[in-house]
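Colleague: after the sequence you'll find the predicted model.
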Amino acid sequence: MTADHPAQPSSPAVRLWRRVPAVLRAIVIGELIVSAGVVVPGLLIVANLKLSPRVPWLLPGTAAWIWVSWRYLNGWGWPRATAAARRRDLRARSLPGRTWRWSLLAGGLGIASVAGLAFLTPRLAGIPRDAFKAPVDLAAYPPWTVAAALLAISAVAGVFEEAGYRGYMLSQIERRHGWVAAILIVGLMFFADHHVSHAYATLAFLPFFLAVSLVHGLLVYCVRSILPSVVLHAVADALIIPVQYGLIGKIPVGVVWETGADPAFITSLAVFLACGVAAVPAFRRLATIAGCGASAADS
């Protein structure tokens, strides 16, 4: 600090917070971002469905909440003393068009592969269909309002889960313990959060959540930005949630050794293997284009 701006003494609360291990600080901050991010959209969805279900006014409110929250997480607003740290930890730097294209291709193949794993898991672990039920009876509401609610849920998940997990949490752990530990810890916390809030997320789904975290973690490692992950996460949720809730098709259940390897099982297995294999050269190409790991300054 210069003579014109002398360092201010830290408060006891700040000094105590700094004594907390970096991993625990990162987990608390990341989980706080994820949890706080869904509060306003959740209230808007509930109010919209209860008060005026024929008019999906939840969308502009959700969009405004995402916009304001994203700006704050990226350094806008008070306190200005934390602005640079917020920008650094969010990792929302812009990317060249070529990097964007290869990020979406490599990440899309990776996400498609783990989506195949998601559809395989109920057939291998015998998870009941009721575990995938929607929290409300969506058939009782107009389809356009249901579509708006699912779109809002997907966008909120893409923005706040990536900001909290692959942004703030991963950034802070990575600086202290490296990328491998950061991706693994974030994957475990990603699973733990869903294990508490989603009936289907039993231990059988742990490999799925670790695989999702690996794909997004590799993207962030390669391009030093969470932006491709935000897009891919939101799109994946928008495609999968309607299937999960039985609005478009159904997730097959019943263990495969009892029901047999039917076309749904074979298709899921083929997607898992084919997209997983194709993702490897795509990520290698992305690493070359983006200079993966070449500059510590962006990490």
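Modeller: Arrived safely, thanks for sending. Since the structure is predicted, the reported quantities are computational estimates derived from the model, not experimental observations.
Colleague: can you show me the helices along the chain?
Modeller: 12-19, 22-37, 39-51, 58-73, 83-90, 97-125, 143-156, 170-177, 179-197, 206-223, 227-244, 256-259, 263-290 (DSSP state H).
Colleague: can you list those helices in JSON lines and add distance to Phe132, mean pLDDT and mean neighbour count?
Modeller: The way it works is simple: take the backbone N, C-alpha and C, and place the C-beta from them, glycine included. JSON lines is the format used below for the helices of the chain (distance: least, C-beta to C-beta, whole Å; pLDDT from 0 to 100; neighbours: other C-beta atoms under 10 Å):
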{"stretch": "helix 12-19", "distance to Phe132": "39", "mean pLDDT": "81", "mean neighbour count": "9"}
{"stretch": "helix 22-37", "distance to Phe132": "21", "mean pLDDT": "96", "mean neighbour count": "18"}
{"stretch": "helix 39-51", "distance to Phe132": "19", "mean pLDDT": "96", "mean neighbour count": "16"}
{"stretch": "helix 58-73", "distance to Phe132": "23", "mean pLDDT": "98", "mean neighbour count": "17"}
{"stretch": "helix 83-90", "distance to Phe132": "32", "mean pLDDT": "96", "mean neighbour count": "17"}
{"stretch": "helix 97-125", "distance to Phe132": "8", "mean pLDDT": "95", "mean neighbour count": "20"}
{"stretch": "helix 143-156", "distance to Phe132": "14", "mean pLDDT": "96", "mean neighbour count": "19"}
{"stretch": "helix 170-177", "distance to Phe132": "28", "mean pLDDT": "95", "mean neighbour count": "20"}
{"stretch": "helix 179-197", "distance to Phe132": "13", "mean pLDDT": "93", "mean neighbour count": "18"}
{"stretch": "helix 206-223", "distance to Phe132": "14", "mean pLDDT": "96", "mean neighbour count": "22"}
{"stretch": "helix 227-244", "distance to Phe132": "5", "mean pLDDT": "96", "mean neighbour count": "20"}
{"stretch": "helix 256-259", "distance to Phe132": "17", "mean pLDDT": "72", "mean neighbour count": "12"}
{"stretch": "helix 263-290", "distance to Phe132": "15", "mean pLDDT": "95", "mean neighbour count": "16"}
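Colleague: now those helices in CSV, with distance to Ala163?
Modeller: Below are these laid out as CSV (distance: least, C-beta to C-beta, whole Å):
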stretch, distance to Ala163
helix 12-19, 20
helix 22-37, 6
helix 39-51, 14
helix 58-73, 5
helix 83-90, 6
helix 97-125, 17
helix 143-156, 11
helix 170-177, 10
helix 179-197, 12
helix 206-223, 12
helix 227-244, 8
helix 256-259, 37
helix 263-290, 21
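Colleague: tell me the contacts of Ala131?
Modeller: Ala199, Tyr200, Thr202 (C-beta atoms under 8 Å, 6 or more residues apart in numbering).
Colleague: of those residues - the most surrounded one?
Modeller: For the contacts of Ala131, the largest number of neighbours (other C-beta atoms under 10 Å) sits with Tyr200, at 22 neighbours.
Colleague: that residue is in contact with Gly126, isn't it?
Modeller: No. Using C-beta atoms under 8 Å, Tyr200 is not in contact with Gly126; the gap is 11.9 Å.
Colleague: where do the contact lists of these two overlap?
Modeller: With C-beta under 8 Å, 6+ apart as the test, Tyr200 and Gly126 reach no residue in common.
Colleague: got the phi/psi numbers for Ile127?
Modeller: Torsion angles at Ile127 (phi, psi; degrees, to the nearest 10) stand at phi -80, psi 130.
Colleague: for it, give me the pLDDT.
Modeller: Predicted confidence (pLDDT) for Ile127: 84.
Colleague: that one and Tyr245, how far apart?
Modeller: Distance, Ile127 to Tyr245, using C-beta to C-beta, to the nearest Å: 15 Å.
Colleague: which one's more surrounded, these two?
Modeller: Ile127 (21 against 18).
Colleague: separation between Val23 and Leu16?
Modeller: 17 Å.
Colleague: leaving out sequence neighbours, find the closest residue to Met189.
Modeller: Excluding the flanking residues, the one nearest Met189 by C-beta to C-beta, 6 or more residues apart in numbering is Ile27, at 5.9 Å.
Colleague: surely that neighbour and Met169 touch.
Modeller: Yes. Using C-beta under 8 Å, Ile27 is in contact with Met169, at 6.3 Å.
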